[in-house]
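> my questions concern the predicted model and sequence given below.
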Amino acid sequence: MDLDQLYTAKEASLMLGKEASYIRTLNNKTPKKLPAGEYRKIGRELIITKDGIEKIRESLGGLK
């Protein structure tokens, strides 16, 4: 497992140019919008892969 490819929900949100709570809110309100198998909740922390972030970016219309 490449730990350099894992990000917290806060890090992922900021990488997408969104508010720090964006991914966590997405998970709480519309979890089907998160790519299956690309994220996991570990304790209280939501972890997402780099590929998962890219899939979300694509669904947002290719935001940088």
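In hand now; what should we look at? Numbers count the residues shown, from 1 in each chain.
> which residues of this structure score low on pLDDT?
By pLDDT under 70, the low-scoring segments of the chain are 1, 62-64.
> which parts of it are strands?
Applying DSSP state E to the chain gives strands spanning 6-8, 39-42, 45-49.
> nearest to residue 25, out of the ones you listed?
For the strands of the chain, proximity to residue 25 was assessed by C-beta to C-beta; strand 45-49 is nearest, at 10.6 Å. The way it works is simple: take the backbone N, C-alpha and C, and place the C-beta from them, glycine included.
> could you give the separation of the closest one from the chain centroid?
Offset of strand 45-49 from its chain centre (C-alpha atoms, centre = their mean, to the nearest Å): 6 Å.
> list the buried ones in it?
46-49 (16 or more other C-beta atoms under 10 Å).
> output the contacting helices and strands for the longest helix seen in the chain.
In the chain, taking DSSP state H as the definition, the longest helix is helix 50-59. Packing partners of helix 50-59 (3 or more C-beta pairs under 8 Å, 6 or more residues apart in numbering; DSSP states H and E): strand 6-8, helix 9-15.
> let's have those in CSV, adding distance to residue 25.
CSV is the format used below for the helices and strands packed on helix 50-59 (distance: least, C-beta to C-beta, whole Å):
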stretch, distance to residue 25
strand 6-8, 14
helix 9-15, 9
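> what's the closest non-adjacent residue to residue 20?
residue 10 (4.8 Å; C-beta to C-beta, 6 or more residues apart in numbering).
> contact partners for the one you found?
Residue 10 makes contact with 20-21, 23-24, according to C-beta atoms under 8 Å, 6 or more residues apart in numbering.
> how close does it get to residue 23?
Counting by C-beta to C-beta, to the nearest Å, the separation of residue 10 from residue 23 is 8 Å.
> ok, back up a step: kindly indicate which of the buried residues of strand 45-49 lies nearest residue 5.
Distances from residue 5 to these, taken by C-beta to C-beta, are shortest for residue 49, at 5.7 Å.
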